[in-house]
Every structure is written in structure tokens, then in C-alpha cells.
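**Q** can't give you the sequence, but here's the structure:
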């Protein structure tokens, strides 16, 4: 059925608008400077640590290993079991309030200097720079028709990208599978299907996110960019352009009389160096990751022009308005206090948790059995887990035995990190009808854990 052609969406004062804009390629320009050196000294230690940590050993095992099949997370001398996953909730809350505290005080400083997406993208951009040249060369190469030189440069770039992405994927899987075994199995083509799948998956994810999507991840996929506006205020440290000093913009020669113009010479360098492609002179924008590229670029221009640096700088909105900045304020203090309390509680819980755990399970079948003498017997299975890194002996006893006695073995030795089952029989010559609460105690030297179960006798409800 043919109908009238649909009109494009029009906004008053503007021309036709598409619902979805095509992404414009961003060709960043490299500039040195103080903050770029700072990013180098914060980014590379993170990269080196990421690639090095899985290779470190702690005794006869990998120092950091999230062993999912064995349900054990090894962090140096500490082993986290599924029963300890409640600690993960504490850890996530600490991370959340830590991020809130940092954001209220210094904005998106995490994004600009230590976020993995930023660090990995910087490596990919460095590979692009050494294979395709500076910004103007990359623009010219992108517009050029395909020829031998373009194919050679693009191939070299993608080889470096894929190599680094492959190393990243292998290392990530190495945190969940012993990396030495994984590397040998990959080299001998004997790797398991799942290990191979996840290695390729994280290789592809790194290649796409850091090589192709880049700023799209920060602008559209990362939730931090969206909720940061609820945490910053006029006293939050952000990257800002001093419009009072910079306007009116206008190009001029060095040492020329400014007249009525401001300090901004409209050189566009602050836009050319921005990895998310924004113009910081348009004011605070959620796309800004506070990487400080624009600060370094503008500082160099100000130096060449003989002007005072700081036209673009780390400052606060209140300072730009001429008021005093309050570093300590209710919001930042509140977040910091909650974070300190959570860290204290997490540390106390972590180092005061029991080195073992046990569960009491009833044997399947009858609730109880009776002998010819009238004695009542209940059968149980004790599942004892040694969560420490040393073998230990465990003793089982009744807290208040009364008329109930144990007739089975009461001690068991368990290797480090193992789980053993102990069969337990409780017998009573004069059991009261129905059910009786029973407390079982398992001790390792002076450390004891008590669990409650039920002893059933004739007259118990089924």
C-alpha cells in the first residue's frame, strides 16, 4: 500500500535531523606535557601489573587465581570460598562509595587516568601513531584511495592491535585458569574448548572496544558518564575553560596587541587533542573524561603566546565564578565516612572469619531407627571444609550431650583446601518423644564452630 512519503523530523530553527547520527571519526593529535607524563606513569604500572600478576606464584600455586571449577578464589595467602561470597557484597559497596567519594571531589579523574578503557585505548592509539603517522598524516591516509602504502600501514596497525588484544585475552583467562598450563596448551594446540572460546572472546572485545569503538564506550556504554551529574556540584574539581578570560576568541600573531580579544586564539588544539571529540570551551559536558589533554595543549599555546597559563585548567565552577572552593563539604565527608566504615568492617570480617566451615546433613531414609533395647539412633553426615592453606585435624563433640551420645568417630584429618564427609551416629537410651534440638561443635585447636540440628524419636511428626 502506497502512502504519502514520511517527512523527516524537523526541529524549529534547524534543518532535517536523522534519528541516528553516523559516527564521525576522531583523529587525535598528540601533545606532551605534565598531565600526559602523569598519565604515562599511572597507566603503565597498571598494564605491567595486569600482565605480570598471573605469573606470580604463592608456594606451589598461582598467587592470584579465581578457580571456578574448584569454587576457590586465591589471593596470595587468602582463599575465598563460596561460603565467603558475602564478602563480595562488602567489597562492591566499598568500591561504589569510594567512587562516589572520588567523583564528588575530583570528578571523572578515574576515567582520565586509570580506567582500563582509557589505558588500553591509549596503547592502541600509540600503535596507530607509529604505523600511520601524526594526525594530519592519518587524516590524509584515511581519505586516500587504497594502494600498497595504505594497505601496508593499515596491516601493520591491525597486527599490533590484534597482538596486544590477544595478549590481553590470554592474560584475562589466565586469572581463571592456571596461566602456565593455558600457555602450554595453546602452544601445543591441546587447549580446551571453553578456554579457547573465552580467550578469543576477550581478544575480540579488547580489539573492538579499544581499537574501533573507543570514545563510544565512554559516551554511550559506560553508566558512570550518566550518573556522575548526580554527584558533582560547584565545588567539584573539573577540567574547565575560563570563558571570562578567554572570550572573545580570535586568531592573532605572537606579541600582537589583543585589543578587545581574550586570551583564546581559537587555534582548535584543545579540540584536536580530545579523545572524545568535544570542545571544552562549550562548558561542562558528560563526554569529558578529564584526561587533561586540552590543558597540556592550551598551556603550550599560552607559553608560545607569552600569556599566563591556565586558560584551560583543573578548577571548580565556584572558583570560575569568583567564589572560594569548599573541598570539605557535607556530601564528600559523608561518602568518605561511609567508605571508611565499610573498609573497617570488611577488614575485621575478613581477618576474623573462621578457617573452616561445616554443614550437618541428615542421612536419607528414616528419621530414626530403634534397637531391641529401645535405644533410638539418628544418622548424620558432617561436611567439613578446611578453608585454610594447611592440613588440620578436626574434633566433633556435643555441646550439651545429656541423654544423647555419639557412637561414631569424632575426629578427622583434612588436607588444605579440601572437603571431607564424616558419618555421625547419635544414640539415646531415653529419648523424649518428638524432636530435640542438638548442638554439634567442631573444633580445630582452639577455634570452634557450632551448628544446630534435630534429634528425632518415636512420636516425631513426619
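**A** Received, thanks. Worth saying up front: this structure is predicted, and the values here are computed from it rather than measured.

**Q** show me where pLDDT drops low in the chain?
**A** Applying pLDDT under 70 to the chain flags the ranges 1-22, 460-462.

**Q** please state the offset of stretch 171-182 from the chain centre?
**A** 18 Å (Cα atoms, centre = their mean, to the nearest Å).

**Q** no wait, stretch 199-209
**A** With Cα atoms, centre = their mean as the basis, stretch 199-209 stands 17 Å off its chain's centre.

**Q** what domains does the record give for the protein?
**A** Domain segmentation of the chain under automatic domain parsing yields 233-320, 356-457.

**Q** span of the last one from start to end?
**A** What it means is domain 356-457. Its first and final residues considered, domain 356-457 spans 31 Å by Cα to Cα, to the nearest Å.

**Q** go on, stretch 207-217?
**A** Terminal-residue distance, stretch 207-217 (Cα to Cα): 13 Å.

**Q** show me what counts as buried in that stretch.
**A** Using 16 or more other Cβ atoms under 10 Å as the burial criterion, the residues of stretch 207-217 that qualify are 207, 209-211, 213-215, 217. Heads up, the C-betas are built off the backbone N, CA and C, glycines and all.

**Q** nearest to residue 249, of these?
**A** Closest approach between the buried residues of stretch 207-217 and residue 249, by Cβ to Cβ: residue 215, at 24.7 Å.

**Q** okay but that closest one is in contact with residue 287, surely?
**A** Yes: using Cβ atoms under 8 Å, residue 215 is in contact with residue 287, at 7.5 Å.

**Q** in the protein, which helix has the most residues?
**A** Determined from DSSP state H, the single longest helix within the chain is helix 148-174.

**Q** downstream of that one, the next helix or strand is which one?
**A** helix 179-187 (DSSP states H and E).

**Q** just the strands in the stretch 1-150 of the chain please.
**A** Using DSSP state E, counting those that start in this stretch, the strands of the stretch 1-150 of the chain run over 9-10, 16-17, 57-58, 61-62, 64-67, 72-75, 78-80.

**Q** so which of the ones you listed is nearest residue 266?
**A** The nearest among the strands of the stretch 1-150 of the chain, by Cβ to Cβ, is strand 16-17 at 27.3 Å.

**Q** would you format the strands of the stretch 1-150 of the chain as TSV with distance to residue 283 and mean neighbour count included?
**A** Shown next, in TSV, are the strands of the stretch 1-150 of the chain (distance: least, Cβ to Cβ, whole Å; neighbours: other Cβ atoms under 10 Å):
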stretch	distance to residue 283	mean neighbour count
strand 9-10	26	10
strand 16-17	22	10
strand 57-58	50	12
strand 61-62	49	18
strand 64-67	43	17
strand 72-75	44	17
strand 78-80	46	17
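
**Q** and residue 423, its phi and psi?
**A** Here is the backbone geometry of residue 423 (degrees, to the nearest 10): phi -80, psi 130.

**Q** show the subsequent helix or strand relative to the helix or strand containing residue 239.
**A** Assigning secondary structure by DSSP H and E places residue 239 in strand 238-241. The helix or strand immediately downstream of strand 238-241 is helix 243-246, counting by DSSP H and E.

**Q** how close does residue 334 get to residue 325?
**A** 18 Å (Cβ to Cβ, to the nearest Å).

**Q** then residue 168?
**A** 40 Å.

**Q** who has more neighbours out of the two?
**A** Taking neighbours as other Cβ atoms under 10 Å, residue 168 and residue 325 compare with residue 168 leading, 23 against 15.

**Q** from memory that one sits against residue 201, does it?
**A** No: counting by Cβ under 8 Å, residue 168 does not reach residue 201; the two are 11.4 Å apart.
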